[in-house]
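Enquirer: Mind folding the following:
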Amino acid sequence: MNDYTSTSNDTFNARHKSSVEVVQDFIPPPQFDELLAFNNCILVGPRGSGKTTLLKMLQAPALLSWNKTKTTNETASVKFIGIFVAADVRWAKQLELVTKDIEKPALRTAIHECAFSNFVSLALIEALEKSLALAILRPKSTDSDEFDRTQQAELSKKLSDIWKTQSTPSFSALKHALRVQQSELQKISSRLALTSSADQAFVDYPFIGLGWLNSFTLAIETINDHLNLENQKWALLVDELEIIPQDLLERIMSPLRSTSGNLVFKYALSQTGAGSKFLSSNEEDIPRQSNDFSIIPLWNEKKEDTRNFASKLLSHALKNKGVIRTDIELSEALGLSGSAEETTDAEIENDSGRISIEQRKKIFLELEKKDTSFNEFLNSKKIDISDLPTSDKITNGTLVRKITPLVYLRNHLLKSWTREKYVKRSKISSQPYQRFPNILDLTEGNPRWILNLAETLASETRKKGTSINAQGVQASAISAFTDRFISMLKVYPIGSTQNKTSITPYGFLQLLAEHIQEKIFFNSFSPDPALSFTIDGQSATEFGEFISICIHLGALVFVDTEVSKESVFVTGASGLQGRHVRICHRLAPEFFLPLRAGRHIKMYSALTKVKDDIIVEKPTKPLETFKRELKAPDVHSQLKLF
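Expert: Okay, the predicted model is just below:
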């Protein structure tokens, strides 16, 4: 992680919302039911994929609020009390600064663990208070099931003993005591930096010698015992593990081997983060997938599933903003695309109502007249445009459906094509990416991107004073939606000192996109062009940092046909090698790419010509794209990226 992340303002990041606020815009993804199970698990996904939202939804107040809005068969039972701990980049950076002068690794780790333990303890008290107030937790007693001030004082004093704070008479006083401990860490670190006073520091501040897991487990057992709830279940929910210091991360991950029958751990982790390396270690004491925890990847392998989720969330957001009526389907509100990929049997049977046979014939005929290679392709396959087949029961029907989106794009871009030269249109629009479901595909099913698109569509609708169905509204919204992501990719730094370069993640992706453009537009027409990349050994070794960052940001998407939960983690060059990726659809309007994966080619073949530009520190020429040049992002725009 880097400094840029700590200063960016992710407008739609659930980190800034309370659990009840998260509920208001929550649409459960397919993985939600699996997450509710009482077991150890790790949520894995790129930035914006909904990890924080899902963890916050596991808090008791969120589930209670969620259930009030649902029918009986849609409710989620509260199997455990969720304790949410939000890791924070600022906290992680501050912790590193505080401990930088401590020479002994063991002493530095002690401070790291103490800080984390403090956050966990505060989160536990918050969860306990809210659960008691909402009567989710009800103490079993022969006299009364009310949790009065006397009981609170007794429990607070017990927890004070465990956490080595001053004796406290209430939860409020206990939280204050924990915050006081927190404020002491800088002073303690200064003492630990002086080896001569290290031993005395542990005597003066005994709480720094507590192991976080032991004190946390003991606190849970004490609470259950005090409330006479022997089998009460709890879940520790820790977000953004990738930003936590490595020495602390290993201590946080170790409990995945499970500890208490009443406690489980649910963590969120980027698949390219430091935690991935830890879990991929061959050491015997490292937790193992399947045996000790389950993996929940936050992406859908099937385009149909991605569209279904994106449609629900986008529709919900637009209706909340008053942009579309509550009684209208999203497909009707946005209008139907004429260039969408068919994904279901029903769509294949009736062309989804998006493009008629006559429209399809018209597009094929236009390209045939101006593109000699397409004319030759039709002749070689004996495809007669006047009797264009689209059914699986007819020869070439499947082929015609498959190539229609490619024909649509090539026809839209090219003015003419011969073996001697090609001529592009002077103006290329985002029309192929507008309307339903193409505009959904741009989001990749990423919840934060979907909400960003909803906000952009609503803004353009209000600005232009017309309906969301208008081409001008959707064109402007797609441009803003794409540009916002590009702005981040253009300023996101490559942190390694090995690759000192002026190339940004955007520049790296631009190189890959140009290679694809050459294949699908400027070469002879191909019914199956290469649209994705196999990360070969050379690419993984030389450009691994670029690739990993692009994966983390969601700019590169895995398209492995046999990807399993056991292979979701990417651990350096060795973990990248052999994986298949494509440029995300959010960048498709920028590079004018089809909304599909296609077959794979070796990534190095797209990078060989520019190897020196990336490795050597020197300016590079921007490659030609099919879109207007972006203005250099100003400070204000950089604060509202993504």
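Enquirer: how about the helices in the stretch 301-450 of the chain?
Expert: 303-320, 330-334, 345-350, 357-370, 372-381, 397-413, 438-441, 447-464 (DSSP state H, counting those that start in this stretch).
Enquirer: now swap in the stretch 101-250 of the chain and tell me
Expert: 105-133, 149-163, 171-183, 185-193, 198-204, 212-226, 246-253.
Enquirer: residues of the longest one that come out buried?
Expert: Within helix 105-133, the residues scored as buried using 16 or more other Cβ atoms under 10 Å are 107-125, 127-128, 130-132. C-betas here are computed from N, CA, C, even on glycine.
Enquirer: And the fifth one, by the same measure?
Expert: Across helix 198-204, burial judged by 16+ other Cβ under 10 Å covers 198, 201-202.
Enquirer: Could you point out which residue ranges in the stretch 451-600 of the chain have low pLDDT?
Expert: Across the stretch 451-600 of the chain, the ranges flagged by pLDDT under 70 are 495-502, 561-568, 570-573.
Enquirer: wait, Q181 sits on S215?
Expert: No. Using Cβ atoms under 8 Å, Q181 is not in contact with S215; the gap is 11.9 Å.
Enquirer: Looking at the two, which is more packed in?
Expert: Higher neighbour count among Q181 and S215: Q181, with 23 against 19, using other Cβ atoms under 10 Å.
Enquirer: Please tell me how far that one sits from I188.
Expert: According to Cβ to Cβ, to the nearest Å, Q181 and I188 sit 9 Å apart.
Enquirer: residues contacting I286?
Expert: 278-279 (Cβ atoms under 8 Å, 6 or more residues apart in numbering).
Enquirer: what helix or strand does it sit in?
Expert: For I286, there is no enclosing helix or strand under DSSP states H and E.
Enquirer: Could you do L607 as well?
Expert: Assigned by DSSP H and E, L607 falls in helix 604-607.
Enquirer: who's in contact with stretch 193-209?
Expert: 101-104, 107, 110-111, 114, 163-165, 181, 184, 188, 191-192.
Enquirer: Please repeat the previous calculation with a cut-off of 10 Å.
Expert: Under the criterion Cβ atoms under 10 Å, 6 or more residues apart in numbering, residues 99-104, 106-108, 110-111, 113-115, 117-118, 121, 162-165, 177-178, 181, 184-185, 187-192, 215 lie in contact with stretch 193-209.
Enquirer: Please apply the same query to stretch 319-329.
Expert: Residues contacting stretch 319-329 (Cβ under 10 Å, 6+ apart): 24-25, 311, 314-315, 317-318, 330, 332-334, 436, 454-455, 457-462, 467-469, 473.
Enquirer: Give the buried residues for that stretch.
Expert: 319, 323-324.
Enquirer: okay, now the domains of the protein?
Expert: According to automatic domain parsing, the chain comprises the domains 33-297, 303-487, 497-638.
Enquirer: and those domains as CSV, adding distance to H16?
Expert: Formatted as CSV, these follow (distance: least, Cβ to Cβ, whole Å):
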stretch, distance to H16
domain 33-297, 10
domain 303-487, 12
domain 497-638, 18
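Enquirer: Lowest average confidence across those domains, which one?
Expert: Lowest mean pLDDT of the domains of the chain: domain 497-638, a mean of 77.
Enquirer: Now the common contact residues for Q181 and I188.
Expert: With Cβ under 10 Å, 6+ apart as the test, Q181 and I188 both reach 114, 205, 207-208.
Enquirer: Sort out which one of those residues lies nearest Q538 for me.
Expert: For those, the minimum distance to Q538 (Cβ to Cβ) is 44.7 Å, reached by C114.
Enquirer: Can you give me the neighbour number for K68?
Expert: Counted with other Cβ under 10 Å, K68 comes out at 9.
Enquirer: State the distance from it to T608.
Expert: Per Cβ to Cβ, K68 is found 59 Å from T608.
Enquirer: Could you say which of the helices of the stretch 301-450 of the chain is packed most deeply?
Expert: helix 438-441 (a mean of 26; mean count of other Cβ atoms under 10 Å).
Enquirer: packing partners for it?
Expert: Helices and strands touching helix 438-441, as assessed by 3 or more Cβ pairs under 10 Å, 6 or more residues apart in numbering; DSSP states H and E, comprise helix 303-320, helix 330-334, helix 447-464, helix 471-491, helix 588-591.
Enquirer: out of those, which comes closest to L43?
Expert: helix 447-464 (12.4 Å).
Enquirer: quick one: that closest one to chain centroid distance?
Expert: 19 Å (Cα atoms, centre = their mean, to the nearest Å).
Enquirer: now do stretch 580-588
Expert: Using Cα atoms, centre = their mean, the offset of stretch 580-588 from its chain centre is 14 Å.
Enquirer: Against I383, how distant is L413?
Expert: Following Cβ to Cβ, the distance that separates L413 from I383 is 21 Å.
Enquirer: where's the closest residue to S117 other than its chain neighbours relative to F592, distance?
Expert: Spatial nearest neighbour of S117, excluding adjacent residues (Cβ to Cβ, 6 or more residues apart in numbering): W212 at 3.6 Å. Computed with Cβ to Cβ, the distance linking W212 and F592 is 51 Å.
Enquirer: Equivalent analysis for G465, please.
Expert: 30 Å.
Enquirer: Neighbour count: those two, which is higher?
Expert: Neighbour tally, G465 and F592, criterion other Cβ under 10 Å: the higher count belongs to F592, 23 against 8.
Enquirer: count of residues packed around S391?
Expert: Neighbour tally, S391, other Cβ under 10 Å: 13.
Enquirer: pretty sure it contacts L399?
Expert: No. Between S391 and L399 there is no contact under Cβ atoms under 10 Å: 11.5 Å.
Enquirer: Nearest to G48, out of the helices of the stretch 301-450 of the chain?
Expert: Of these, nearest to G48 by Cβ to Cβ is helix 447-464, at 3.4 Å.
Enquirer: Could you name the helices and strands sitting against that closest one?
Expert: Counting by 3+ Cβ pairs under 10 Å, 6+ apart, helix 447-464 packs on helix 51-57, helix 303-320, helix 438-441, helix 471-491.
Enquirer: Can I get that helix in PDB, CA atoms only?
Expert: Only the C-alpha atoms of helix 447-464 are listed here, as PDB (Å, rounded to 0.1, in the frame of the first residue of the first chain):
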ATOM      1  CA  PRO A 447     -20.400  -2.400  -5.900                       C
ATOM      2  CA  ARG A 448     -18.400   0.800  -5.500                       C
ATOM      3  CA  TRP A 449     -18.300   1.200  -9.300                       C
ATOM      4  CA  ILE A 450     -22.000   0.600  -9.600                       C
ATOM      5  CA  LEU A 451     -22.800   3.300  -7.000                       C
ATOM      6  CA  ASN A 452     -20.400   5.600  -8.700                       C
ATOM      7  CA  LEU A 453     -22.200   5.000 -12.100                       C
ATOM      8  CA  ALA A 454     -25.600   5.600 -10.400                       C
ATOM      9  CA  GLU A 455     -24.400   9.000  -9.000                       C
ATOM     10  CA  THR A 456     -23.000  10.000 -12.400                       C
ATOM     11  CA  LEU A 457     -26.200   9.000 -14.300                       C
ATOM     12  CA  ALA A 458     -28.300  10.900 -11.800                       C
ATOM     13  CA  SER A 459     -26.000  14.000 -12.100                       C
ATOM     14  CA  GLU A 460     -26.200  14.000 -15.900                       C
ATOM     15  CA  THR A 461     -29.900  13.500 -15.900                       C
ATOM     16  CA  ARG A 462     -30.500  16.500 -13.600                       C
ATOM     17  CA  LYS A 463     -27.900  18.600 -15.500                       C
ATOM     18  CA  LYS A 464     -29.400  18.000 -18.900                       C
END
